[in-house]
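**Student:** fold the following and give me the result.
(one chain, ligands or ions: 2)
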Amino acid sequence: MTQPYEMDAAAWQSFAGELGEPAYRGDQVFRWLNRDLAASWDEMTNVPRPMRELLAERFPDAFATPAIVQTGDGGTTRKALFRLNGEALAETVLMAYPDRVTACISSQAGCGMGCPFCATGQMGLLRNLTAGEIVAQVIWAARELQTMTLPGDWPRRLSNIVFMGMGEPLANYDRVWSAVQRMHDPAGIGLSARSITISTIGVIPGIERLARESLPVTLALSLHAPADEVRDTLVPLNHRYPIADVLAAARRFRAAHGRRVSIEYAMIGGVNDSLDQANQLAVLLKGNDFHVNLIPLNPTPGFGAPATGGRGIEAFRDVLLRHGVNATIRRNRGTDIDAACGQLGARAAVAG
Ligand code: SAH
Ligand code: SF4
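**Tutor:** Ligands and ions are numbered 1, 2, ... in the order given. Next comes the predicted model:
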């Protein structure tokens, strides 16, 4: 979407050199883009006008705005659809809460993992997003937040990033990681590593790499079933990386970074929501390494099974709690604008 966001601070320094300007001019532009959320070159008042004009010529679409922005949840949720070059689309959801503001961002246009219950999976993989396209979603969210009307005591600063939009982040590792480093850079948005959550369907080599990184991001693992026979039908990658192996990798991540791993579990009626399965899950997750998020399935056009009802989810949670496993029920945000995780892309694919 925007090439200027492809460049980190060092790249901006050398680019300033190419334009015949001192390196610190590159730093200034980097900060305007990444920290001060500039929406035009003209705002960069400490950058000389001739350099701004050159940049405007070089990057005509630098401040591309989303094709569509929708508002939901009484004004506390916004969804943006970005049209990338070619056919690809990316979606970003901004969610304000009384104690935090979270941006749910995409790492790929579509996804190649083929989970049948997931709208993004039903699209297939269009392409990987670049690091700049990932960072630009965060910048959009931080800027958009300034225009939201929220209760006075709610925070006004973007505090959390979750890679729970479109795509499998660990299937696009290098670009995702370079975007994470940029979001963490104190000269940019400066988010803490812990407040950045990478959600994976269980790509073990990617989990192992994350465990070796020096930035301790938060890991979420989409498990969705306590037994391989069931998980095989929901998550095709389970044939390659079955439950025991994926949980062992998650425990190694926990040991390396001391961070509890979130287990994502979409509650699907008659498929993975029996109390028996809750017991099996509790046995698997014994100990203090995990926190389970139970999410009611978002119905999608390509998947027939229903969502588990509220009572059923509570009963499932209570079994986990009785076994000493941390568990919470996540209320879906953005269902009125198809912005909930797992819904992203479906409408756009149909309309576009
Ligand atoms: N590919 C990554 C991250 C994107 S999906 C992953 O799968 O973890 C973000 C979360 O939404 C994942 O936990 C995913 O399994 C879940 N999800 C996908 N489709 C869903 C649906 N229809 N209902 C509820 N959750 C869904
Ligand atoms: Fe891809 Fe995640 Fe959807 Fe599976 S659940 S298809 S990995 S986005």
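
**Student:** now for residue 212, how many residues are close by?
**Tutor:** 10 (other C-beta atoms under 10 Å). Where you see a C-beta, it was placed from the backbone N, CA and C, and this is true even at glycine.

**Student:** and the pLDDT at it?
**Tutor:** With respect to pLDDT, residue 212 scores 97.

**Student:** if I look at the residue nearest to it when sequence neighbours are not counted, how far off is ligand 1?
**Tutor:** Spatially, and ignoring its direct neighbours in sequence, residue 212 is nearest to residue 256 (7.2 Å; C-beta to C-beta, 6 or more residues apart in numbering). Residue 256 sits 20 Å away from ligand 1, going by C-beta to the nearest ligand atom, to the nearest Å.

**Student:** kindly report the same for residue 111.
**Tutor:** Taking C-beta to the nearest ligand atom, one finds residue 111 at 6 Å from ligand 1.

**Student:** that residue touches residue 169, doesn't it?
**Tutor:** No. Using C-beta atoms under 8 Å, residue 111 is not in contact with residue 169, being 10.0 Å away.

**Student:** residue contacts, the spatially most central residue of the chain?
**Tutor:** Nearest residue to the geometric centre of the chain (C-alpha atoms, centre = their mean): residue 163, 1.6 Å. For residue 163, the contact set (C-beta atoms under 8 Å, 6 or more residues apart in numbering) comprises 105, 107, 169, 176, 196-199.

**Student:** dump these into CSV; add secondary structure, pLDDT and neighbour count as well.
**Tutor:** Shown next, in CSV, are the contacts of residue 163 (DSSP: H, G, I helix; E, B strand; the rest coil; pLDDT from 0 to 100; neighbours: other C-beta atoms under 10 Å):
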residue, secondary structure, pLDDT, neighbour count
105, coil, 95, 31
107, coil, 96, 27
169, helix, 98, 28
176, helix, 98, 26
196, strand, 97, 21
197, strand, 97, 19
198, strand, 98, 23
199, strand, 97, 21
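
**Student:** can you map out the strands along the chain?
**Tutor:** In the chain, strands defined by DSSP state E lie at 68-72, 77-83, 89-96, 101-104, 108-110, 125-128, 160-163, 196-200, 218-222, 261-267, 290-296, 326-329, listed in chain order.

**Student:** which stretch in those has the least confidence?
**Tutor:** strand 68-72 has the lowest average pLDDT among these, namely a mean of 85.

**Student:** in the chain, what residue comes closest to ligand 2?
**Tutor:** residue 121 (2.6 Å; C-beta to the nearest ligand atom).

**Student:** residues from the stretch 101-250 of the chain in reach of ligand 2?
**Tutor:** Those residues of the stretch 101-250 of the chain that sit near ligand 2, judged by C-beta under 6 Å from any ligand atom, are 111, 113, 115, 118, 120-121, 167-168, 201, 222.

**Student:** if you rank those residues by neighbours, which is first?
**Tutor:** Greatest neighbour count in these, by other C-beta under 10 Å, goes to residue 167: 31 neighbours.

**Student:** what's opposite the residue nearest to that residue when sequence neighbours are not counted in the beta bridge?
**Tutor:** When the adjacent residues along the chain are set aside, residue 167 lies closest to residue 108, with 2.8 Å between them (C-beta to C-beta, 6+ apart). Beta bridges link residue 108 to residue 128 when assigned by DSSP bridges.

**Student:** neighbours around the closest residue to residue 141 other than its chain neighbours, how many?
**Tutor:** Leaving out its chain neighbours, the residue that sits closest to residue 141 by C-beta to C-beta, 6+ apart is residue 103, at 3.7 Å. Using other C-beta under 10 Å, residue 103 has 26 neighbouring residues.

**Student:** isn't residue 103 up against residue 157?
**Tutor:** No. Judged on C-beta under 8 Å, residue 103 makes no contact with residue 157 at a distance of 11.5 Å.

**Student:** I'm done for today, thanks for sticking with me.
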